[in-house]
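Structure of the sequence below:
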Amino acid sequence: MRSTEMNARLNSVSASEAFDRLADFGSYAELAPSINSIEIEKVDEQTLRTTWNVNFRGGSMRWVEEDRLDPEAGTIVFDLVEGNLRHFSGSWAVTEADGGSDVRFLCDFAVGMPALSSFLDPLAERSIRDNIKEILKGLFGEAYEPKS
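Below you'll find the predicted structure:
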């Protein structure tokens, strides 16, 4: 299993506004060219089931995840339900910061082909990181500032 983390500052964007934009999965496909489609099913007031179809290495990757939204805590926690990946789980967390907010994306994943994991996992990580960067740039434009 592999993990990745990304952090960003969102200048002049409050944590609640950042959370609302991040929770608007329906806008992602319009903002990130690598995302072909996202279908959203509301399970209950704080849980969504989303079906993702994204570009991956000249083809596409599809999975279904359950997303638990907690606006009070500023978190979105997701877990794989089914799809092309063996494991995919993680979270978004948004916190207030001086002059805006900070956002952190964490995920653990496994592509699912142990014999090829040393080759495929780094490619999948790069793809995940590129997708998250596209999403953040699309959602927040000039307010988005990557952090190490």
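
Which residues are in contact with residue 2?
By C-beta atoms under 8 Å, 6 or more residues apart in numbering, the contact set of residue 2 is 108, 109, 110, 121, 122, 124, 125. (Each C-beta comes from the backbone N, C-alpha and C, glycine too.)

At the geometric centre of the chain, which residue do we find?
Residue closest to the mean C-alpha point of the chain, counted by C-alpha atoms, centre = their mean, is residue 132 at 5.6 Å.

can I assume that residue sits in a helix?
Yes - Residue 132 sits within a helix when classified using DSSP: H, G, I helix; E, B strand; the rest coil.

My guess is it contacts residue 5. True?
No - judged on C-beta atoms under 8 Å, residue 132 makes no contact with residue 5 at a distance of 10.1 Å.

quick one: common contacting residues for these two?
residue 105.

still on that earlier bit, in helices, which of the contacts of residue 2 appear?
Counted as lying in helices by DSSP state H, out of those, are 121, 122, 124, 125.

distance of residue 36 from residue 29?
Taking C-beta to C-beta, to the nearest Å as the measure, residue 36 falls 7 Å from residue 29.

Residue 23 now?
From residue 23 across to residue 29, the span is 15 Å (C-beta to C-beta).

What is the neighbour count of the nearest residue to residue 123 once chain neighbours are set aside?
With C-beta to C-beta, 6 or more residues apart in numbering as the criterion, residue 123 has its nearest non-adjacent residue at 6.2 Å, and that residue is residue 57. Here the number of neighbours of residue 57 (other C-beta atoms under 10 Å) works out to 11.
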